[in-house]
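1. Structure here, sequence nowhere to be found:
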């Protein structure tokens, strides 16, 4: 598969790791957008809005650079009972998230958006990966020790599927790389132009 060199509009080390694993050549393009969910926003709509917002901001930034490349952006959120669990704001928030996930199933949504042009009228190639994760029941001491490790603090839902939290997981249905932050098979298809969905401006 002959994939283009791209800009990655993300600071996530997991996404960098996954792209490198897939052999994708990329250059980081730092961007920032407001990630506050709208009132009563559906988790699927939220994660897609975030990925598209990042891709559009990245495309605008890339248009000012000497060489144009497609811009890849993504966003991941954890949802349970229709509620969005973002990154914990503090230790207490991380503990509360893990208590809620304990002994239950939840969904991990990762939206991917690719801007192939700096022209916003061209739209974006998009995909949303949905996976279900089942957690074992967690004793409070186990939750406290995990939070004390610091691993949950920059992760949606307060855990890293590729880290020590693997010991919490009884079963996964879906994309492991999608839970990490970038569903590789679908992302490579988008970069190759094999789009399954396009979202307009």
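-> Cool, the structure landed. Given the structure is predicted, the values throughout are model-derived calculations rather than measurements.

2. looking at the sheet around the spatially most central residue of the chain, what are its partners?
-> By CA atoms, centre = their mean, the chain has its centre lying nearest to residue 76, at 2.7 Å. Residue 76 has these beta-bridge partners by DSSP bridges: residue 110.

3. Which strands border the helix or strand where residue 130 lies, and is each parallel or antiparallel?
-> Using DSSP states H and E, residue 130 sits in strand 124-135. In the sheet, strand 124-135 lines up against strand 105-115 (antiparallel), strand 169-173 (antiparallel), strand 198-199 (antiparallel) (DSSP bridges).

4. Tell me which helix or strand comes right after that strand.
-> Downstream of strand 124-135 (by DSSP H and E), the next one is helix 140-148.

5. for the protein, which helix is longest?
-> Looking across the chain with DSSP state H, the single longest helix is helix 43-62.

6. for it, what is the average pLDDT?
-> Averaging pLDDT along helix 43-62 gives 96.

7. tell me what it is packed against?
-> Counting contacts by 3 or more CB pairs under 8 Å, 6 or more residues apart in numbering; DSSP states H and E, helix 43-62 packs against strand 71-80, strand 83-85, strand 105-115, strand 124-135. C-beta coordinates here come from the backbone N, C-alpha and C atoms, glycine included.
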